[in-house]
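**Student:** sharing a model that was predicted from the sequence below.
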Amino acid sequence: MRIAGRTVLPLTLAAVVFVSLAAYAQEERSGQEQHGGHDEHINPDQPDVTNGTHIVSIGLVQVELGGIYTHNTTSLHSGGTPFTVRVGLTDWVEARIGADGLLTQTADGVPASGFGNVQLGAKLRLWAKPGGIPAMSVLPTVNLPSASREKGLGSGSVDFGIAVLTGTDIGPRGHIDVNYGIASIGPDSGLPRFSQHLLSTSISAAATARWNPYIEVFWFSRTEADQRSEASFDGGAIYEIGPRLAIDGGVQAGVSGPAAGLAVFGGVSIVFGPGPDAVHARQRRPHPTTTRSAGT
């Protein structure tokens with residue numbers, strides 16, 4: 001699958017940022033405590049589009065709350081409060097429920113607001129390295145049309161998707177995640193359903209014991225039936241307050257096609273549950289958009 005040519009610049013920037021962070025990280029000790037061969041750190045799937053392979057540990061509940069403001073044009077801007085609840089069921093599966101939260105939108109001076117769509121899914125581990133995080137997982141999802149079609153906040157159709165997730169460490173501090181997703185999308189224009197493809201890459205490095213900056217590039221084949229492909233990139237950081245609490249934030253910009261011009265986002269992730277902290281670190285990244293995405 002080819003990404004639009006204009007994504008070469010952000011990919012180059014991602015490589016430059018990663019190399020710089022990795023060089024800096026080599027000079028500073030992380031100070032992170034090791035327990036049983038794993039870093040005990042919270043591992044949110046927000047704030048970026050790319051999802052990690054990690055599965056929430058058995059008996060733990062991870063809640064990820066966020067907020068996003070998107071500026072498409074001078075006559076179109078929107079906001080949302082997405083959230084996801086992840087529950088560890090077994091060593092190989094986590095159940096999850098999410099939603100776009102409260103949506104607000106202003107188009108040509110006409111405001112609209114309401115609750116967004118709801119997503120149901122599960123992250124399934126396919127296999128893992130011995131004693132490590134999963135090397136590959138899959139994430140099937142169903143998007144339920146709870147957002148108002150009349151207000152222009154949703155399509156009123158059920159969407160189905162699945163994404164394949166993989167990732168690996170790069171050196172002692174770096175990490176890269178790659179996702180490929182495909183979804184069947186129901187448009188709101190009376191047109192037939194269409195297939196949507198997603199390709200995304202997120203690169204991060206543990207700059208310090210608590211700061212994990214990242215940069216990401218993602219591409220959609222289309223988000224509406226009558227639109228062309230689009231690409232965006234974003235950058236931000238996750239700050240780990242404690243083993244079960246982290247905050248995040250970043251900025252997203254469109255690169256090609258009808259992608260949103262600019263978006264800013266932030267959030268908080270909390271882990272609940274008994275027992276020792278066993279949320280394995282994935283050094284990285286944040287979902288920063290209410291745009292429907294394949295398998296996320």
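**Tutor:** Perfect, thanks for sending it.
**Student:** Asp169 pairs with what?
**Tutor:** His175 (DSSP bridges).
**Student:** surely it touches Ile203?
**Tutor:** No: between Asp169 and Ile203 there is no contact under Cβ atoms under 8 Å: 11.5 Å. The C-beta positions use only the backbone N, C-alpha and C, and glycine is treated the same way.
**Student:** where do the contact lists of those two overlap?
**Tutor:** Counting by Cβ atoms under 8 Å, 6 or more residues apart in numbering, the residues touching both Asp169 and Ile203 are His175.
**Student:** neighbour-wise, which of those two wins?
**Tutor:** Ile203 (28 against 15; other Cβ atoms under 10 Å).
**Student:** center of this protein - which residue?
**Tutor:** Val49 (3.0 Å; Cα atoms, centre = their mean).
**Student:** from Gly181, how far out is that residue?
**Tutor:** Noted for Val49: a distance of 9 Å to Gly181, by Cβ to Cβ, to the nearest Å.
**Student:** so where is the stretch 1-150 of the chain shaky, pLDDT-wise?
**Tutor:** Applying pLDDT under 70 to the stretch 1-150 of the chain flags residues 1-41, 129-134.
**Student:** let's go with 90 and repeat that
**Tutor:** Counting by pLDDT under 90, the ranges of the stretch 1-150 of the chain that qualify are 1-43, 48, 72-76, 91, 107-109, 126-135.
**Student:** do you have the helices of it handy? List them.
**Tutor:** 8-27 (DSSP state H, counting those that start in this stretch).
**Student:** chain neighbours aside, what residue packs nearest to the residue of the chain most remote from its centre?
**Tutor:** Of all residues in the chain, Gly109 has its C-alpha farthest from the mean position, at 30.2 Å, by Cα atoms, centre = their mean. Among residues not flanking Gly109 along the chain, Ser75 sits closest, at 7.2 Å (Cβ to Cβ, 6 or more residues apart in numbering).
**Student:** burial measure for that neighbour, as a count.
**Tutor:** Counted with other Cβ under 10 Å, Ser75 comes out at 10.
**Student:** repeat that for the one 3 residues further on.
**Tutor:** Other residues near Ser78 number 22, with proximity taken as other Cβ under 10 Å.
**Student:** and it, what is it in contact with?
**Tutor:** Tyr69, Thr70, Asn72, Leu103, Thr104, Gln105, Thr106, Thr290.
**Student:** distance check, it against His71.
**Tutor:** 9 Å.
**Student:** surely the residue nearest to Gly109 touches Ala107?
**Tutor:** Yes: Ser75 is within contact range of Ala107, at 6.7 Å (criterion: Cβ under 8 Å).
**Student:** where along the stretch 151-296 of the chain do the strands fall?
**Tutor:** Ranges of strands in the stretch 151-296 of the chain, per DSSP state E, counting those that start in this stretch, are 159-170, 174-185, 194-205, 211-220, 230-242, 245-256, 262-272.
**Student:** and the longest one, what does it pack onto?
**Tutor:** What that stands for is strand 230-242. helix 8-27, strand 211-220, strand 245-256 (3 or more Cβ pairs under 8 Å, 6 or more residues apart in numbering; DSSP states H and E).
**Student:** next, the buried residues of it.
**Tutor:** Buried residues in strand 230-242, counted by 16 or more other Cβ atoms under 10 Å: Glu230, Ala231, Ser232, Phe233, Asp234, Gly235, Gly236, Ala237, Ile238, Glu240.
**Student:** out of these, which comes closest to Ala95?
**Tutor:** Proximity of these to Ala95 (Cβ to Cβ) peaks at Ile238, which lies at 23.0 Å.
**Student:** now Pro224: closest residue in space, sequence neighbours ignored.
**Tutor:** Check again: residue 224 is Glu, not Pro. Pro187 is the one closest to Glu224 (Cβ to Cβ, 6+ apart), at 6.5 Å.
**Student:** contacting residues for the one you found?
**Tutor:** Neighbours of Pro187 in contact, by Cβ under 8 Å, 6+ apart: Ser155, Ser157, Arg193, Phe194, Glu224, Ala225.
**Student:** what of Asp108?
**Tutor:** Ser75, Leu76.
**Student:** based on its surroundings, how many neighbours for Ser256?
**Tutor:** 16.
**Student:** same check, this time on the one 10 residues further on
**Tutor:** By other Cβ under 10 Å, the residues close to Gly266 number 18.
**Student:** that one and Tyr69: what is the separation?
**Tutor:** Taking Cβ to Cβ, one finds Gly266 at 10 Å from Tyr69.
**Student:** shouldn't Glu64 be in contact with Gln46?
**Tutor:** Yes: the pair Glu64 and Gln46 qualifies as a contact (Cβ under 8 Å) at a distance of 4.7 Å.
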